[in-house]
Every structure is written in structure tokens, then in C-alpha cells.
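[1] sequence and predicted structure below; questions after.
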Amino acid sequence: MEKMIHWFSKNHVAANFVMLLVLLAGFTTWFKLKKEVFPNISLDAVLIQVPFPNATPEEVEDGILLPVEDAIADVDGVKRVTSTAMESMGAVTVEVENGYNVREVMTDIKTKVDAITNLPEKAEKATIEEARLDVQVMSVAVSADVDEKTLREIGEQVRDGLLDYQPAPPTKDWAGAKDGVMRMLRGVPKITKANLSAVRPYELSIEVSEQTLRSYKLTLGQVADAVRRSSLDLPSGSVRTAAGEVVIRAKGKRYTAKEFEDVVVTTKPDGSQLLLRDIATVVDGFEDVDISSRFDGRRTVLINVYRTGDQDTLLMAQGVRDYIENVAPANLPEGVELELWNDASILLDGRLSLLIRNGTSGLILVFIVLALFLRPSLAFLVALGIPVSFAGGIWMMPQMDISINMISLFAFILVLGIVVDDAIVVGENVYSRIQGGEHPREASWKGTHEVGTVVIFGILTTMAAFTPMLGLSGVSGKIWPNIPLIVIPVLLFSLLQSKLVLPSHLALLKPHSDSQDVNFIFKIQRRIAKALEVFVEKIYRPLLMSCLRFRYVVWTVFIALLLLVVGLVAGKWVPFEFMPKVEGDVVTAKLEMPVGIAFKTTEAEIQKMEQAAQRVGNRHKDVNGDPISVHILASAGTQPFQTGFGGMRVPLGSNIGEVTVQLSPAADRSISADEFITEWRQEIGTIAGVVELSFRQETGAGGNAIDIEISGRDLTMLQKAADHITDELAGYAGVKDIATNSRKGKREMVFDEITPAGKALGFDLASVSNQVRQSFYGEEVQRIQRGRDELKVMVRYPESERRSVENLEDVRLRTASGDEVPLGIVAKARPARGPASIHRVDRKRSIKISADIDRARANANEVVDRFNSEVLDDLSVNFPGVKWDYLGEQKDQKDSVTEMSTKFIFALLGIYVLMAIPLKSYIQPIIVMTVIPFGIVGAVIGHIIMGMDLSIMSMCGLIALSGVVVNDSLVLVEYVNRHRKDGGTIIDAVHNAGAARFRPILLTSLTTFAGLMPMLVETDMQARFLIPMAVSLGFGILFATFITLLLVPSVYMMLEDIKKLVGRKSEGSEAPPA
């Protein structure tokens, strides 16, 4: 290393080429990186879905969930299995253990599921895929006062236009040339995934009345068979001729209502034909579900645009806007409005701009601090390491699959002030040698080599401190690695720059001359330097000597302060919350009415909620005088804004609905999102018969404050436990929106007994249920692909004959001989009511209870702690066989804190080892590391000053702090050791080391704090998610400066006292212990 430093110090051309290579690589890589709000994460789970049309949840559980759970029970790598039985669908989610390859586990699961032989006959083929979170870029609301089918066709036209859109080529002028360069660097906007939402699926329904079937002596099954025979494409082989091979195939698949009307149902002996149009009405329409959606009061369909692979969110958003503004209007009918909705690019662009602005301000402040304490030319050379190190970090981002997102950008801000620490130590040491009369070329490599070991191990300790954020489990464990995977490469390139590039630049420095003092900047710098020298000599040196002589008093005072801060945290005077509160610009109200309620009732309530939101929005104006409610999306029969795994269908049902309001940006409105929700809730009032009405603001972070899952095999005991938990939760102040996923389902008519007369006629339950199913649900004849849509072709009764329970009395069953028998003679029916959905975890029934916390009235962790001790700890005793666990935010908090704490202990051991190597001592690293707990004291005091609760982001800051604060202590202790070898007393060596290292220690702390200062004073509500981490690091560094300069020297002397007591004579120690 010494030879390499020496060579580069003499060859500044080589050093400059290395610097330019890194800068150019980072610059070109920046434009190719994908940009997103949060890192795109893998869920490490496999999703199995099996459609079972028209089946009840209980039938889905028995027919789908139980066989699938049994089949995959012995698959290696399965961590947890959760299953849900809904009407017509069974879904099983398999969480994969850490360390297992998800795709390999998925392959094993697919093999097991494909081998199942006892699935119901009517169940469809299982789809098995890796669970994913679809990243939505934005939605396009297509609104018009037209009928449903016309509006959907317009929506499809817009969707297809988006998918086919190609931007116009650049113009042949300066602007076009600039656009061409940016396209070369960033690429061209390309939209590859866009789906329609808030629409009913297409369906082709062939409706035949019971009376018509009787008159023609037909059954629904016979009509269905006729359609199947007449609508097909079938390969029929090939013929080899002299001219070549000729393929033979039957081509008669039908795609439109008119084509199906020509299907021949029967042919009489005289050749006359009975066509489908003679007996049936063919309706080319939509599936028999109820959905309505309005956007700002007009009927609408939504087009959701998703990002796939490495696509750039901002680039895709630009493409959507270009199409909507410049292409679509010319191709659409008059009266059609296109509006962008839920545009993630606005949030992303705002947050990126916020972080870049803070980073730029921090960079300027760091340079100012350097210039005030160092010679401006030296300050410039030190600060030059920042862009070089950052460029190197950016260069490495694609190799580590890191995108430009809120977390990775914050990591750059976090390391902004840290990255110059090694350059400060090197630069200050080299410059001291130059000022001492050494030639710059000699001073550059000798000064760099002199502090080389300390600098290298200082960087390594900082890197080690960030490692606990790597390898965490859970969803959050996929987010935190973005910080160390940015910080560590940046620090490595910083080390490279300080060892190879900086010495070659420092070799060109000249000693300071008096003629430079006429310069205004030099005058300021000299005054500060002089003031600092006076402070060190007149104040710090005497203070340090007093601390050394009364070292045990100093230790006692600092320990008392540490205990005081620990008591504040333990006593909840400084509360802890998992995720910091972030202000959102979108609020959502979800409505659930009793299952089976008329759709018109739900739709009317949704309309009232929509009008209530409008009234609240109109009462409050933004800075421009406009209502704060920018857009309102109201949906009945579905919840399109609800997100989940990719591939999971959007919830449907006549009893559910949702109203989502986009508010003005937080900085532009007078009330918060929570205050809007409070007024909106009051404006809505009481809804008769409501099952659940919940509100939340969408912030992209966190979920419900409380998610409790209970499981057991005794269903009665399980429901009693769930009722007990909800009743108890309601008694806690600040707890709101309590809900469970245990709901009563639709009313049922159950046929479970065949009468003696029915048995005599040859009926059994299978034949009865099949004919009744055909009558009411219908029989699926086939599925056809029409454009981008797959639609079912159904044969069934007309809607008028299947809308009432009384229609059951009119059903006639056909015997094997063709005779008609009333259903009531064949089978007995009884009314029943099952669950709306069934949930299972690890092969047992489960119920989830969720609730939110009004943060103005209560702290989530305090409520949870009380609830655990007062209710949950005795739950298994009061309800035998019932187990409970937390999900969501509380589980994530428990797992993250536990894992991070464990990894932090190993990180501290790593830091100890990295300290022991350069110090060549087992004891002295303890002196260095005493600064860590006291740095935490500063972090907690910082939270008190800033009026913030501690959070998981604060913990990340504390972990990072532990590696940064030891660097100054390491330099100080190493300096003491070096000067003890020159002779003199220990107390003089310690005393002189403190004075000599005062400026670099102060400077490294001030640069770190200055880099974080813009974030600390940021008023934008979107920054609140990241500020706690900056508070921990910034204030911890400041407090640790005093620890390093006062306590560490005192502890050094205390250890010398201990050595003396155990018989290890301390060389020349003169200071008696106080």
C-alpha cells in the first residue's frame, strides 16, 4: 500500500484518470437506474389460486383448501401457510423460509398440487405463481355520460393506445438534439402492462326460459351440448400430396351473439332445424355482478398502468401524459374526459426532489464548514472526494440491484458528512507536515501513510456498523439493505479516493504565505483558526486537565446522564412507535354492509359518503383558493383502490364499496389528512346496518396499528375468543376502526336429503345439484378469446327466473326417461347461512382482528403492552385450544427489532475486533467503544429537542452512529499510543493528544452534522419518515464529540489506574486518581 500511495502521489495524471473514470461511470449509470418511491421487493411467497365457480366458502374449504394444504404439507422450505376460502375461489399463500429459493419451492408445490386427484369436478385449473406486489405507476380515469358497454369500449381503446404508444422522433433542432441525448441515456417511454379496473368482465349469456325448454322437450344440458358441438376449432390431421403436406382442420368457433344465434340445436327428420335464436336470447354483455364507479361524479372506468422489470416510473409517467395530452384527444368521442389518478410519479418526483435538494444543501454546508476550518484549497480537495465517492456508489448500484428510491437517496444524504472523514484526517495530517516545512510531494505520501492504518480501520468500523441492516427477514428486511448497500460502496470509493487520488492532489499544495492573508476568505479562515487555537489553549486544555485529574467524577457524571436517559425511554417519557407518522395526500373510506344486501342500498350509501367528502373538501380551501378535495373516486360493488398480491382479484360483492379522495398537497392545505378524516366521519354520520366503516390515509408505509390473528380447531371457541378481543379493544382509549374478517355469508338454501320419491325416480344429490346449478348459475359452455379479453359463454335461465328464492318452486328436474318432476318432490331444502369467507393458518381455522390507533390520543406500543398483559396473556387459559399472534406492523416491529438487536451485538463484536487490530490491544478498544452508549444519549436528547418519538428509523440511525462515533476515538487513542513511544508521562501524552486532535475531531463531527442539517430542519411532511434517522445520527455525533474529547481521555487514564492496581506499572503516571 505504501508503494502504491507513493507512486500515485508522484503521478497525478494517473490519479486524475482514475477519478474521471469513476465520475463518468457514475454519471452514465445514473440515467439508466430505475426510479421508484420505495424499493421493489420480493415477498418470498407462493400464491395458489383455484377458481370453483358458484361454490360457497365452506364448499371451497372442503373441496379446495384441505386437499391443497394436505398435498403441500411436506414440501421443504415452507415457513407458513395461510388459506382463504371465498365464494367461487380458494387461495393459498405459502411463505418461504429464509435461505430457500422461492422458485424451487414453487416448482415443488406445483408438482404436489398437479398430483391432486380429488378436487371437485367443477373446480378450474389451479394457477401457481410467485406472490408479488404489482407496482402501480398511475391510473387513467376515463369518464363519459354513456352506457356501460360504450364506456368500456372507450376504455379499451385508451388502454390499447397506451400499450401501443411510441413517442414521436426528436425534432431536428437544439431541443430535439437534447431530447435525443436524454433518450439515449434514459431510454424511450414504453408501457407494457395496463389493465382495466372497476369494470365488469365480459360474458356471453345464452338465456332459455323454463317454459321454452318444456315446450320443446329440451334440457339446459342439451342446449349446452349443441352449442359446444357447433362452436369449435379442431385439428383433423394432414394429407401428404405430391405438391406437399395439406393440413386439415375444422374451423367453426363462434365469437359474437349473432354467430351463436345460428347454432343448430336440433334437426327434425324432415330436415327442418331448430336454431338457437328460436328458443333463446343471446346476450353479449357482462357477468352477472353489480359494479358502479364514478370519478368526480361521472361514470368511469379506470386504466391501471403498472411498472414491470426495470422500467422507470418517471419515464413511464411521462409516456402516459404525452399520450393523454397529445394523442388520445384526437381519437376519442366528444364528451369523454381523461384524468390522471393516483399518480405515483408525482409523489416520487416530489420525494426525489426533496432529497436531492437536501443533499445539495448538505453538500454546500459541508464545504462551507471545511472552508472555515481548513485552507480553502485544502477544503476543496477534501470535498472533491464527495462526488467521486458518490459516483462510485452509483456505479455499483446495478450490480446490487438497487434503484433510485427514497431509501437509497437518503442513504447518500446519511453518508454525505461521513464520507469526508478519512479525507479530513489525511488532508489535515499532510497539511500539518507541509506547514512544518516538509516538501509537499514527500508530505503527501508520508502523511497519508502515517494515518493509513487508522483511516482504513475507521472506514471498516463504519461499514461494520451498517451490516445489521443486511439479511433481515420480512418485508421491511427487503427495504433496509438499500442503506448499507449504498453506504458501504460509497465508503470504499472514499477510501480509494483518499489513498490514491487525494495524495496526488495534496502533493501540489504549497505552504501558506502571509501574502494570502489579504484574501477575504483567508482572513475569515485565519480568524476562525485563531479563535479555535485560543479556545483550545484557554478553555479546552484546562478543562481536559481537570477531567483527567477528576476522572472518576467525570465518569460518574456521564454514567448518571446515561441512566437518566435510559430511564426516560424505559418510563415512556420518550415514546416508541414503529413507523414515523407520514402525512398522506390520499384518504380512503371502506364500507362493508351485511352480505346479501341489495346492491342499490350499498350504492346509495356510497353516494352519501361521496357527497359528504365533497362537502368537507369544499369547506376547506388550499393556497390557491380551490377545494382541498382534488378528485373523488366512488365505487360500489368493488374496492379498486385496495391493493394486494399481484394476481389476486379485486374484491367484489354487492355489499362492499369504497370512496377515495385525493387531497391537495399537505403543504398547500390548512388541515391534515387525519383532520379531514375526522370531519368526513362526522359528516357521514351513522349508517344503518353497517358491518364495517373504516378510514385510512394512504402513505405507502405501515398498516393497521393492531393486527391480531387467533387460530384453533374448535370453531365455537375461536369465535368466542374473537368476540372477547373485539369487546376488550373497544374499551381502550384511542382505539378505533375495530374489525374482524369473520362475517356471516349469504343466505343459503341447502339440499341435503333426497326424498323416497326422488330416490325411486333415480335421483341422487349429485344429479339434483347439477340440474339446479344449471338452472340458476348456468352451465359454462366454453371460453373464447376476443381481443385482449377472455369471456365465458354461459347457458342459463333468464335473469327474471333466477332472482328469487320462489323461482326454486318452478324448477323442474328431468329423469333419465325425460319426464319432468318438481324439485320439491325430489329433494328437501332447508335455509342456512354460512360464513362470508373462511380463513386458515397452518391447517387450522383463524380469525384476524384489526384496529387502528388515534395517535393524538394514544401510543400504539403502550396500548399493545397493556392489552397483552390484561387480555392476551390469559387468552389460551380462558379459551382452551386458541392460539394468538400479531401480524402486520406489530409483528414486523417485533421481528425487525429482535433481529436488528441481535445483529447489532455481532456488529459491535466486529467493531471491537477492527479496533483491536490497529491498537494491538485487547483493552484499548473498550476505551474507544465507551463513546457508543453516550452517543445514543445524544440521539435520545435530539429526539426530545425535535419533539419526535423514537422509531425503527431511529434505531437504524443509532446502529449507524455506533460505527461513526468510534472513528474519532480511534484516532485519538492511536495518537496517544504513538506519542507515548516518544517518552514523557501518560497524562502529558493524553493531554497533548486531545489538544492536537481537537480540530479534526470537531471538523469530522461538524461535517457529518452539516450534511444532515437540511434534513433536520426540513418542514415537508413527506420527510418525516426519514428525519428520525437523521436526528439519531446528527445529534448523536454532536454529543459524541464531547465524549471523545473529555470522557475517552478520562477512561484511558482510568484503565491505566486499573493496570497499576493489578500490578502492571504504568510508565511515568503522575496524576493521582481523584
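    It's in.
[2] in the chain, which helix has the most residues?
    helix 888-919 (DSSP state H).
[3] what comes up buried for it?
    Within helix 888-919, the residues scored as buried using 16 or more other Cβ atoms under 10 Å are 888-890, 892-893, 895-896, 899-900, 903-904, 907-908, 910-912, 914-916, 918-919. Placement of C-beta: from N, CA and C, glycine included.
[4] name the helix or strand for the residue lying farthest from the centre of the chain, please.
    For the chain, the largest distance from the centre (Cα atoms, centre = their mean) belongs to residue 270, which lies 70.0 Å off. Counting by DSSP states H and E, no helix or strand carries residue 270.
[5] picking up where we left off before, helix or strand right after the longest helix of the chain?
    Taking DSSP H and E, what comes next after helix 888-919 is helix 924-929.
[6] list the helices and strands the helix or strand just after that next one packs on?
    Heading C-terminal from helix 924-929, the first helix or strand you meet, by DSSP H and E, is helix 931-946. Here helix 931-946 touches helix 551-570, helix 952-980, helix 1027-1042, going by 3 or more Cβ pairs under 8 Å, 6 or more residues apart in numbering; DSSP states H and E.
[7] quick one, the shortest one and helix 551-570 angle?
    Taking axes from the mean of the first three to the mean of the last three Cα atoms, to 10 degrees, one finds helix 1027-1042 and helix 551-570 inclined to each other by 170 degrees.
[8] quick one: distance of helix 1027-1042 to the chain centre.
    Centroid displacement of helix 1027-1042 relative to its chain, using Cα atoms, centre = their mean, to the nearest Å, is 27 Å.
[9] same for it, what does it pack against?
    Short answer (3+ Cβ pairs under 8 Å, 6+ apart): helix 1027-1042 packs on helix 406-416, helix 931-946, helix 952-980, helix 998-1016.
[10] which parts of that helix are buried?
    Under the neighbour-count criterion of 16+ other Cβ under 10 Å, helix 1027-1042 has 1027-1041 buried.
[11] next: stretch 313-328.
    313, 314, 315, 316, 317, 319, 320, 323, 324, 327, 328.
[12] could you dump it to PDB, C-alpha only?
    This file holds the C-alpha atoms of stretch 313-328, laid out as PDB (Å, rounded to 0.1, in the frame of the first residue of the first chain):
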ATOM      1  CA  THR A 313     -41.600   5.200 -13.100                       C
ATOM      2  CA  LEU A 314     -40.900   8.800 -14.100                       C
ATOM      3  CA  LEU A 315     -40.200   7.800 -17.700                       C
ATOM      4  CA  MET A 316     -43.400   5.700 -17.900                       C
ATOM      5  CA  ALA A 317     -45.500   8.600 -16.400                       C
ATOM      6  CA  GLN A 318     -44.100  10.900 -19.000                       C
ATOM      7  CA  GLY A 319     -45.200   8.500 -21.700                       C
ATOM      8  CA  VAL A 320     -48.700   8.300 -20.200                       C
ATOM      9  CA  ARG A 321     -49.000  12.100 -20.000                       C
ATOM     10  CA  ASP A 322     -47.700  12.500 -23.600                       C
ATOM     11  CA  TYR A 323     -50.400  10.100 -24.900                       C
ATOM     12  CA  ILE A 324     -53.200  11.500 -22.800                       C
ATOM     13  CA  GLU A 325     -52.400  15.100 -23.700                       C
ATOM     14  CA  ASN A 326     -51.200  14.900 -27.300                       C
ATOM     15  CA  VAL A 327     -52.600  11.700 -28.900                       C
ATOM     16  CA  ALA A 328     -55.800  10.400 -27.200                       C
END
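[13] report the distance from it to the chain centre.
    That offset, for stretch 313-328, works out to 25 Å (Cα atoms, centre = their mean).
[14] now residue 707: closest residue in space that isn't a chain neighbour?
    residue 888 (3.5 Å; Cβ to Cβ, 6 or more residues apart in numbering).
[15] distance-wise, check that neighbour relative to residue 706.
    Separation of residue 888 from residue 706 (Cβ to Cβ, to the nearest Å): 8 Å.
[16] overlap in contacts of those two?
    Residues touching both residue 888 and residue 706 (Cβ atoms under 8 Å, 6 or more residues apart in numbering) are residue 850.
[17] excluding chain neighbours, what is closest to residue 588?
    residue 660 (4.6 Å).
[18] what helix or strand is that neighbour on?
    strand 652-663.
[19] which elements pack onto that strand?
    Judged by 3+ Cβ pairs under 8 Å, 6+ apart, strand 652-663 is in contact with strand 586-592, helix 599-619, strand 629-638, helix 673-684.
[20] just to revisit the earlier point, of the helices and strands packed on helix 931-946, which is nearest residue 675?
    Residue 675 lies closest to helix 1027-1042 among the helices and strands packed on helix 931-946, at 21.3 Å (Cβ to Cβ).
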